[in-house]
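*Asks:* pasting the sequence and the predicted coordinates here, then a few questions.
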Amino acid sequence: MYDETQRQKVIDIIFKEMTKGRSLRQICSRKDMPDKATVLRWLADSSEYATIIAHAREAQIEHYIDLVFEKAENCG
């Protein structure tokens, strides 16, 4: 079980990792992280956590957009 402080730390790690382009599946496959179902349950139960992860997904998208542009620039 994770207490509220531990959950916040996990959500912070997920946020940081997602902004680097890692998926929730990849992050939750780490031995030191809860499984994906647990995290999804936390998001369903907490609008605060859901908002944080929504922002992380936006940053994740930006990360991949930047990679696409970099590839396109290097092709021309």
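*Replies:* That came through, no problem.
*Asks:* per-residue pLDDT of the residue nearest the centre of the chain, please?
*Replies:* For the chain, the residue sitting closest to the mean C-alpha position, by C-alpha atoms, centre = their mean, is M18 at 3.4 Å. With respect to pLDDT, M18 has a value of 97.
*Asks:* make sure it is actually in contact with A59.
*Replies:* Yes: checked against C-beta atoms under 8 Å, the pair M18 and A59 is within contact range at 6.6 Å. For glycine as for every other residue, the C-beta is placed from the backbone atoms N, C-alpha and C.
*Asks:* residue ranges with poor pLDDT in this structure?
*Replies:* 76 (pLDDT under 70).
*Asks:* so what's H55 up against?
*Replies:* Going by C-beta atoms under 8 Å, 6 or more residues apart in numbering, H55 touches F15.
*Asks:* whoops, D45 was the one
*Replies:* Per C-beta under 8 Å, 6+ apart, neighbours of D45: none.
*Asks:* so what's the residue nearest to the centre of the chain closest to, chain neighbours aside?
*Replies:* Spatially, and ignoring its direct neighbours in sequence, M18 is nearest to A56 (3.9 Å; C-beta to C-beta, 6 or more residues apart in numbering).
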